[in-house]
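Novice: need the 3D shape of this:
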Amino acid sequence: MPESNNPPSVVLVHGGFVDGSGWLPVYRLLKNEGRAVSVVQNPTLSLDGDVTAARHTIDAQNGPVVLVGHSYGGAVITEAGNHPNVAALVYVAAFAPDAGESVNTLIADPPPGAPVPPILPPKDGFLLLDREKFHASFAGDVPADVAEFMADSQVPWGVDALGGTITDPAWRSKPSHYLLTTDDRMISAPAQRSMAERAGATVVEVPASHSVFLSHPEAVAGLIQTALNEVR
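Specialist: Here you go, the predicted model:
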């Protein structure tokens, strides 16, 4: 990473079915600590397109970047994190694929008893979650009215994004942190732990749903602060 006298900034990357506005509680906590924060709005049409969107935001920063991804956003930061200005990665209940893997390959064969996300059959190349099952699966510890809004405002997730493969996983060369959500019904805790360990990430566990960025924003911001404090 090039030498810089500027303090590190944070770039937040959302996952599938939601948009960047979900980061608002985490964003506010970090801004209150005087941190520079930017939020990527993924088109979620293809992994390549989302990686490009993330890199554009990274390009706009004035110094080193802590790149943060939630859920599918973990695949995005795994590829986009090779940007020379990225100093560290933070995975938030996120996929951390290896080279040649995609989110699709990571969810293709769940072990017995693992939660199965209620993803509806694709329509016109896009995926949505079953609205009636959204609260229990995606946002179990979020107020019902908030979860209802999230279900009704879902962003269609492109099948091409789900199947986009990683070429060079940034976690092989960048320090990584992982926030593991033990009550997750979208990505099981054992699956998260396996990916975090493979990536050599430092792990913090929190009893939260997949929507940890809303239910426990202080835990998310705290891990990001740890990563920021380690950037030199």
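Novice: mind checking how far the spatially most central residue of the chain is from residue 123?
Specialist: The centre of the chain sits closest to residue 70, judged by Cα atoms, centre = their mean, with a distance of 1.5 Å. To residue 123, residue 70 is 24 Å away according to Cβ to Cβ, to the nearest Å. For glycine as for every other residue, the C-beta is placed from the backbone atoms N, C-alpha and C.
Novice: equivalent analysis for residue 185, please.
Specialist: 23 Å.
Novice: ok, the two, which is more surrounded?
Specialist: Neighbours per residue, other Cβ atoms under 10 Å: of residue 185 and residue 123, the larger number sits with residue 185, 19 against 10.
Novice: mind checking the SS state of the more buried one?
Specialist: Under the three-state scheme (DSSP: H, G, I helix; E, B strand; the rest coil), residue 185 adopts coil.
Novice: I figured the residue nearest to the centre of the chain hits residue 93, correct?
Specialist: Yes. With contacts counted by Cβ atoms under 8 Å, residue 70 reaches residue 93, the gap being 6.3 Å.
Novice: overlap in contacts of the two?
Specialist: residue 212 (Cβ atoms under 8 Å, 6 or more residues apart in numbering).
Novice: let me know the secondary structure of residue 205.
Specialist: Here residue 205 is recorded as strand under three-state DSSP.
Novice: for burial, what's the neighbour tally of residue 38?
Specialist: 16.
Novice: and the contacts of the helix or strand where it lies?
Specialist: Following DSSP states H and E, the helix or strand that holds residue 38 is strand 37-40. Residues from elsewhere that reach strand 37-40 (Cβ under 8 Å, 6+ apart): 9-14, 20, 23, 27, 30-31, 50, 53-54, 57, 60-61, 76.
Novice: in PyMOL, select just the buried ones from those residues.
Specialist: Buried members of the contacts of strand 37-40, defined by 16 or more other Cβ atoms under 10 Å, are picked up in PyMOL with:
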select buried, resi 9+10+11+12+13+14+20+23+27+30+50+53+54+57+61+76
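Novice: in helices, which of the contacts of strand 37-40 fall?
Specialist: Taking DSSP state H as the definition of helices, those contribute 27, 30, 31, 50, 53, 54, 57, 76.
Novice: tell me the two of those residues that are most distant?
Specialist: Greatest spacing in the ones in helices among the contacts of strand 37-40, by Cβ to Cβ: 31 and 50 (23.9 Å).
Novice: just the CA coordinates of the strand or helix carrying residue 191, formatted as PDB?
Specialist: Residue 191 belongs to helix 189-198 when elements are defined using DSSP H and E. C-alpha atoms of helix 189-198 as PDB (Å, rounded to 0.1, in the frame of the first residue of the first chain):
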ATOM      1  CA  ALA A 189     -22.300 -19.900  12.400                       C
ATOM      2  CA  PRO A 190     -20.200 -23.100  11.500                       C
ATOM      3  CA  ALA A 191     -20.000 -21.900   7.900                       C
ATOM      4  CA  GLN A 192     -19.000 -18.400   9.000                       C
ATOM      5  CA  ARG A 193     -16.400 -19.900  11.300                       C
ATOM      6  CA  SER A 194     -14.900 -22.100   8.700                       C
ATOM      7  CA  MET A 195     -14.500 -19.200   6.200                       C
ATOM      8  CA  ALA A 196     -13.100 -16.900   8.900                       C
ATOM      9  CA  GLU A 197     -10.500 -19.500   9.900                       C
ATOM     10  CA  ARG A 198      -9.500 -20.300   6.300                       C
END
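Novice: buried sites along that helix?
Specialist: Quick answer for helix 189-198 (16+ other Cβ under 10 Å): 189, 191, 192, 195, 196.
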